[in-house]
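In: Sequence first, predicted model second:
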Amino acid sequence: MIAAILAGGRVDGELAAELGTSVKALGRIGRGTFLDAAIDAARVYAVERIVVIGGREVREHCMGTVDAVIDDSDDGRENLRRAFAEAGDAPLLLLASDLPFVTATSIAKFVSAAGGADVAMPLADAAEYRAAYPGAATHDTNLAGERVVNGSVFYFASGAAGRVLTIAQQLFAARKSAMGMASLLGARRIVRYALGRLRVEDVETRAFERLGLRARAIRRAGPDLCYDIDSLADFRYAVAHAAQS
């Protein structure tokens, strides 16, 4: 399995000032960066190869710690294409680089549960997420009464890259937006979502209907696969939470 970490995202304003860098992946909590957390979790999980997609600062930071650093593009879709190209026909574990608490244990549990799927993404139980990060901003989604939090880690099976690149680009772009995710499913399922009747299984079924893909949403995934840094408040909370842990 190849692990690819997307580390090209940039921030500005107050968040950049407090991070001390415009490269979000290089923000620090304690002695390490967000990117270090992703690299360490992937390495402990024992993937065959770790590649990072990022710019000059990321390349300098990763010198000697990963197998390859691939120059990033201003187009996030192109960065995904480059990650898939690095994986070739091997299974791919795709990670965002702003998951400060990500662990190899949660990655291992997620990948194990994804066995047999062409593509999989983690869903944390909203109550378990709140218990792990009490007082943190919530971004949970209601799926037919089941409250879940989307993760920022994805699994793609061996040989699936050619079939899933387009949908992978759409999934990654929409991962933070419940309506964005619903919009990928077609008009009938958007209505079901608006009425609070859309189920996880509806999403999986639509992926098979549309692309012939065996998609799987991994319930009760580790909350650490879902806590990411989108705002100054997220960063400040993560710093305080890490100091208490």
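Out: Now that the structure is in, tell me what you want to look at. Note that the structure is a prediction, hence the values are computed from the model and not measured.
In: I'd like to know which elements the helix or strand harbouring Asn79 is packed against.
Out: Counting by DSSP states H and E, the element that carries Asn79 is helix 76-87. Contact analysis of helix 76-87 by 3 or more Cβ pairs under 8 Å, 6 or more residues apart in numbering; DSSP states H and E lists strand 2-6, strand 49-54, strand 68-71, strand 92-96, helix 161-174 as its packing neighbours. C-beta coordinates here come from the backbone N, C-alpha and C atoms, glycine included.
In: For it, buried residues please.
Out: Gly76, Asn79, Leu80, Arg81, Arg82, Ala83, Phe84, Glu86, Ala87 (16 or more other Cβ atoms under 10 Å).
In: just checking, the third one touches Leu165?
Out: Yes. Contact between Leu80 and Leu165 holds when scored by Cβ atoms under 8 Å: they sit 7.0 Å apart.
In: quick one on the thing from earlier: just the CA coordinates of the helix holding Asn79, formatted as PDB?
Out: Extracted in PDB, the C-alpha atoms of helix 76-87 (Å, rounded to 0.1, in the frame of the first residue of the first chain):
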ATOM      1  CA  GLY A  76      -6.500  20.400  -5.900                       C
ATOM      2  CA  ARG A  77      -7.800  18.000  -8.500                       C
ATOM      3  CA  GLU A  78      -4.400  17.800 -10.200                       C
ATOM      4  CA  ASN A  79      -2.800  17.100  -6.800                       C
ATOM      5  CA  LEU A  80      -5.100  14.100  -6.500                       C
ATOM      6  CA  ARG A  81      -4.200  12.900  -9.900                       C
ATOM      7  CA  ARG A  82      -0.500  13.100  -9.000                       C
ATOM      8  CA  ALA A  83      -1.200  11.100  -5.800                       C
ATOM      9  CA  PHE A  84      -3.000   8.400  -7.900                       C
ATOM     10  CA  ALA A  85      -0.200   8.300 -10.400                       C
ATOM     11  CA  GLU A  86       2.300   7.600  -7.600                       C
ATOM     12  CA  ALA A  87       0.200   4.700  -6.400                       C
END
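In: Check the spacing between the residue nearest the centre of the chain and Gly20 real quick.
Out: In the chain, the C-alpha closest to the average C-alpha coordinate belongs to Ser152, at a distance of 1.6 Å (Cα atoms, centre = their mean). Counting by Cβ to Cβ, to the nearest Å, the gap between Ser152 and Gly20 amounts to 22 Å.
In: ok so, going back, out of the helices and strands packed on helix 76-87, which gets the lowest mean score?
Out: Taking the mean pLDDT of each of the helices and strands packed on helix 76-87, the lowest value is held by helix 161-174, a mean of 66.
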